[in-house]
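Undergrad: Structural data only, the sequence is not supplied:
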């Protein structure tokens with residue numbers, strides 16, 4: 001989990017920009033580290049953007065059907 005505060009503008013997929021909100025965010029994600037011997041040769045980081053967008057109020061929470 002990554003945590004932080006939205007202190008800067010965030011570009012949105014439609015080309016608009018969300019101004020800083022000051023909201024605290026918690027976003028799930030992970031990093032993959034690739035080594036050759038003792039040398040780090042690559043790092044890739046992946047995160048789920050939807051929870052962060054929901055916390056900022058950009059997208060509505062997903063409704064679960066029963």
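TA: Right, received. Where do you want to start? Model, not experiment: these values are computed from the prediction. Residues are numbered from 1 along each chain as shown.

Undergrad: Can you tell me which residue is spatially central in this protein?
TA: Geometric centre of the chain, nearest residue: residue 49, 4.2 Å, by CA atoms, centre = their mean.

Undergrad: tally of neighbours for residue 52?
TA: Neighbourhood size, residue 52 [other CB atoms under 10 Å]: 21. In short, each C-beta sits where N, CA and C put it, glycine included.

Undergrad: looking at it, it is touching residue 24, isn't it?
TA: No. Taking CB atoms under 8 Å as the definition, residue 52 is not a contact partner of residue 24, at 10.8 Å.

Undergrad: elements contacting the helix-or-strand element of the chain with minimal mean pLDDT?
TA: The helix or strand of the chain with the lowest confidence, counting by mean pLDDT, DSSP states H and E, is strand 10-11 at a mean of 86. In terms of contacts (3 or more CB pairs under 8 Å, 6 or more residues apart in numbering; DSSP states H and E), strand 10-11 is packed against strand 17-18.

Undergrad: What pairs with the strand it packs on, parallel or antiparallel?
TA: strand 10-11 (antiparallel) (DSSP bridges).
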